[in-house]
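Student: 3D model of this:
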Amino acid sequence: MGRLDDLDLTLKLSRKEQDVRLEAGQARMQQLRLTLGGQTSASQHGKRDDPVEQEHPIGPPLLVVFEGWDASGKGGAIKRLTGAMDPRHYRVAEFAAPSPDELRHHWLHRFWLPLPGRGGMAVYDRTWYGRVLVERVEDLTPELDWRRGYQEIREFERQLTDDGTILVKFWLHISDEEQLSRFERRRDDPLKSWKLTAEDWRNREKREAYTEAVEEMVAETDSGHAPWNLIPGDSKRWARVAVLETVIRRVEERCEELGFALPEPLDP
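Tutor: Numbering: from 1, shown residues only. Model (predicted):
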């Protein structure tokens, strides 16, 4: 039994429960984002008589990274996470197969470039974990190299968090049956069929190998400074709320550790 087997995929929320928690979570997330970005501060948050030109301290970088099964709801979770924010206040970076030029560099090189700086926020849709997932299962990288990737990932994440980055890692988990149902709905919807590729269908046939790779990935790279958040995602409503509330909690906990003051949540 692995950690994925321990997830309760029956967890659900009603639409009303989802909407209430999303509204509260998005308001808090926007508040935290403005504070980390130096647009406001904990001591002066909400005061209408603050001079516009007053400077506020900027907070640590925030990096939220998503991995998960195809059709597990990563895009929907990202949309709800950033739903109340000004698009100028965050960056979403998507990663697919490396380009020929990217292959000329160390494999982690391309993941450094969009990293957020002080006061910044970035969301990664797929990440460096492809090294020990798709490159492993599809035999794209020699075993010696992808196994070395675990240590390289641990060192990479340690560098980020030692420098103050708030790193929040998600694996969105759905059952084989739920994935098939979503694939079929995408296939039959002319406005969503573009999301479904022949490669997605091929990957389903290798689910057992991918599950083994995910379990080993989590065991090798879960740590106190960069823990994995495994989200049961058969209910999209549950998963979206869980992602949003987890990011809020991690930001609050990490800022307390770093001594960066945050405002109290706004009154509902």
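Student: Can you name the element that comes right after the strand or helix carrying residue 21?
Tutor: Using DSSP states H and E, the element containing residue 21 is helix 15-36. Toward the C-terminus, helix 15-36 is succeeded by strand 62-68 as the next helix or strand (DSSP H and E).
Student: So what touches the helix holding residue 21?
Tutor: Outside helix 15-36, the residues that touch it by C-beta atoms under 8 Å, 6 or more residues apart in numbering are 13, 40-42, 45, 56, 58-60, 62, 80-81, 83-85, 89-90, 119, 121, 237-238, 240-241, 244-245, 247-248, 251-252, 255, 260, 262-263, 265-266, 268. (C-beta placed from N, C-alpha, C; glycine too.)
Student: That helix: how far from the chain's middle?
Tutor: Relative to its parent chain, helix 15-36 has a centroid offset of 16 Å by C-alpha atoms, centre = their mean, to the nearest Å.
Student: And stretch 260-268, by the same measure?
Tutor: With C-alpha atoms, centre = their mean, you get 23 Å for stretch 260-268.
Student: Pull out the buried residues from that stretch.
Tutor: By neighbour count with 16 or more other C-beta atoms under 10 Å, stretch 260-268 contains the buried residues 260, 262-263.
Student: again with stretch 208-224
Tutor: Using 16+ other C-beta under 10 Å as the test for burial, stretch 208-224 gives 210-211, 213-214, 216-218, 221.
Student: Next up, phi/psi of residue 228, please.
Tutor: phi -80, psi 140 (degrees, to the nearest 10).
Student: Poorly predicted segments of the chain, please.
Tutor: Applying pLDDT under 70 to the chain flags residues 1, 44-54, 268.
Student: follow-up on the earlier one: so which of the contacts of helix 15-36 sit within helices?
Tutor: 80-81, 237-238, 240-241, 244-245, 247-248, 251-252, 255 (DSSP state H).
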